[in-house]
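# sharing a model that was predicted from the sequence below.
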Amino acid sequence: MTVQNDKPVHADAPRPANPTPVGAVPAQPRPVPAGQPAAARPAPAQPNPAAGGAAAPRPVPAAPGRPAPQMPPPQAPVKPAASTARLKPRHLGVAASFVVIVLLPILVSTWYLYARAEDQYASYMGFTVRSESGVSPSELLGGLSSLVGSTSSTGNDTDILYKFIQSHDLVQRIDDRLDLRAMWSKPENDPVFAYTGNDSLEDLLSEWERKVRVYYDEGMIDLRVVAFDPKDAQAITQAIYDESTILVNELNAVAREDALRYARNDLDEALERLRSARQEMTEFRNRHQLVDPAADVAGQAGVVSTLQAQLAEQLVALGLLQANAQENDPRIEQTQLRVNVIREQIAAERQKFGSETATGEALSTVVGQFESLMVDREFAEQTYIASRAAYDAARAEAARQTRYLAAYVKPTLAEDSEFPKRLKLLPLLGGFLLLIWIVGILTYYSLRDRR
């Protein structure tokens with residue numbers, strides 16, 4: 001027996017479940033309604049370990065006459081988050097797919113590129129279309145060619161040539177000239193890079209697009225031709241240059257013929273107009289029996305002017321005689337007679353301006369018609385001169401070559417092979433195969449996780 005707080009305590013007596021610390025106010029139990037069993041009473045408050053209280057005490061035996069406290073049910077053991085990784089069949093399948101999709105094709109490609117693929121040689125060439133622009137007829141004639149509608153236009157021949165190099169026509173011409181199928185089918189054990197098509201032009205054009213590359217930049221065309229023999233590559237490049245020159249010459253011939261045809265038509269029209277104007281002038285002279293009515297009128301006007309000058313002199317003389325001589329002086333009478341005669345002559349000459357010609361028309365009307373015919377004839381003459389000059393200029397321009405093919409890089413002869421680019425093809429092939437394999441694996445696991 002022990003003594004606690006001066007009170008004897010038996011060793012066998014049960015200790016309180018929640019002893020009250022020294023200096024703390026003991027918790028007062030809630031009143032229990034009458035008739036409620038003691039087991040339904042609320043359990044005393046337990047200290048909260050998280051709040052800094054004492055740890056939960058071990059369960060103690062119940063006091064005599066009270067039921068034993070209920071123990072919480074035992075919890076199931078928690079399984080680990082992931083089990084230990086082990087090699088499974090799907091891992092072997094992923095590794096096998098990597099070997100089949102990536103490693104095996106790379107090994108086969110490496111063997112083929114270094115053991116079977118034949119060396120290929122490239123020939124390069126660069127050229128452009130040059131055009132000489134001479135002095136236009138309008139500059140030579142000071143604008144007179146505008147009367148005949150002379151025009152000049154030049155298309156972009158380089159664009160035409162760029163399309164021509166990739167056309168069926170050029171492939172057919174060069175094949176008939178060099179036999180492209182035989183050149184590109186020389187390797188017997190290289191079905192990947194050698195020509196394996198049939199005799200159709202479409203298959204040959206597909207091979208042409210693989211072997212011939214055309215680069216176009218600001219009016220300049222660069223070519224790269226690949227073949228299994230450097231001389232074959234150079235021959236194909238030279239054939240392309242020759243056929244392109246023929247095309248440019250054909251364009252020159254068409255342009256020259258068009259220019260000459262238009263200039264010749266304008267010249268014929270101007271000549272016909274001039275002939276018509278001259279014919280009308282001749283008929284007018286024959287009808288009115290006048291070579292130049294304007295000249296006749298000018299002559300008559302000169303006669304009138306002379307008579308008027310003489311009349312003025314006689315009037316002055318008459319005035320002097322009347323002032324100095326006697327009234328019956330015969331000189332006054334003679335001078336007065338001259339004045340009267342001159343006036344009558346002037347009146348007669350003036351009557352001729354309004355007189356009728358052989359056809360009954362007034363001279364003034366005839367002169368007006370004659371001047372209109374003169375204007376038409378002068379216009380026809382100027383048009384003919386302009387058309388003749390334009391035709392001569394077009395013929396002179398046609399006599400020289402206004403467009404020609406200028407090669408700034410002659411067809412080259414390769415000394416070392418450049419294709420196939422083995423060190424470039426293998427990394428590219430490996431990268432694509434690896435990308436395909438990764439996408440396939442990710443797709444497989446994505447579908448697997450959704451099940």
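Yes, it's here. None of these values were measured; they are calculated from a predicted model.

# Q322 against I332, yeah?
Yes. If you go by CB atoms under 8 Å, Q322 and I332 touch, sitting 6.1 Å apart. From N, CA and C alone the C-beta is placed, and that goes for glycine too.

# state the distance from F228 to Q308.
106 Å (CB to CB, to the nearest Å).

# of those two, which one has the most company?
Higher neighbour count among F228 and Q308: F228, with 22 against 13, using other CB atoms under 10 Å.

# got a list of what that one touches?
E118, D119, Q120, Y121, M183, W184, K186, P187, A194 (CB atoms under 8 Å, 6 or more residues apart in numbering).

# among these, the buried ones, what's the PyMOL command?
Command for PyMOL that selects the buried part of the contacts of F228, burial taken from 16 or more other CB atoms under 10 Å:
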select buried, resi 118+119+120+121+183+184+187+194
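
# regarding the chain, what is its longest helix?
helix 230-288 (DSSP state H).

# what packs against the helix or strand just after that helix?
On the C-terminal side of helix 230-288, the nearest following helix or strand under DSSP states H and E is helix 293-324. Counting contacts by 3 or more CB pairs under 8 Å, 6 or more residues apart in numbering; DSSP states H and E, helix 293-324 is packed against helix 330-353, helix 363-399.

# mind giving me the packing neighbours of the last one?
What it means is helix 363-399. In this structure, helix 363-399 packs against helix 137-141, helix 230-288, helix 293-324, helix 330-353, with contacts taken as 3+ CB pairs under 8 Å, 6+ apart.

# need those in a markdown table (columns: mean pLDDT).
Converted to a markdown table, the helices and strands packed on helix 363-399 look like this (pLDDT from 0 to 100):
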| stretch | mean pLDDT |
| --- | --- |
| helix 137-141 | 45 |
| helix 230-288 | 88 |
| helix 293-324 | 78 |
| helix 330-353 | 80 |
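
# to V102, which of those helices lies closest?
helix 230-288 (35.0 Å; CB to CB).

# which elements pack onto the closest one?
Short answer (3+ CB pairs under 8 Å, 6+ apart): helix 230-288 packs on strand 121-131, helix 157-165, helix 168-178, helix 180-184, strand 220-227, helix 363-399, strand 403-409.

# how about these in JSON lines, adding distance to F98 and mean pLDDT?
Below are these laid out as JSON lines (distance: least, CB to CB, whole Å; pLDDT from 0 to 100):
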{"stretch": "strand 121-131", "distance to F98": "36", "mean pLDDT": "90"}
{"stretch": "helix 157-165", "distance to F98": "45", "mean pLDDT": "89"}
{"stretch": "helix 168-178", "distance to F98": "44", "mean pLDDT": "93"}
{"stretch": "helix 180-184", "distance to F98": "37", "mean pLDDT": "92"}
{"stretch": "strand 220-227", "distance to F98": "35", "mean pLDDT": "93"}
{"stretch": "helix 363-399", "distance to F98": "71", "mean pLDDT": "84"}
{"stretch": "strand 403-409", "distance to F98": "47", "mean pLDDT": "86"}
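
# now tabulate those in CSV and tack on distance to D258.
Output for the helices and strands packed on helix 230-288, formatted as CSV (distance: least, CB to CB, whole Å):
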stretch, distance to D258
strand 121-131, 15
helix 157-165, 14
helix 168-178, 22
helix 180-184, 35
strand 220-227, 25
helix 363-399, 9
strand 403-409, 13
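
# and these: which comes nearest R273?
Nearest to R273, of the helices and strands packed on helix 230-288 and by CB to CB, is helix 363-399 at 4.5 Å.

# and the angle from that closest one to helix 230-288?
170 degrees (axes from the mean of the first three to the mean of the last three CA atoms, to 10 degrees).

# gap between the nearest residue to F127 once chain neighbours are set aside and D199?
Leaving aside its sequence neighbours, F127 sits nearest to A407 (CB to CB, 6 or more residues apart in numbering; 4.1 Å). Per CB to CB, A407 is found 33 Å from D199.
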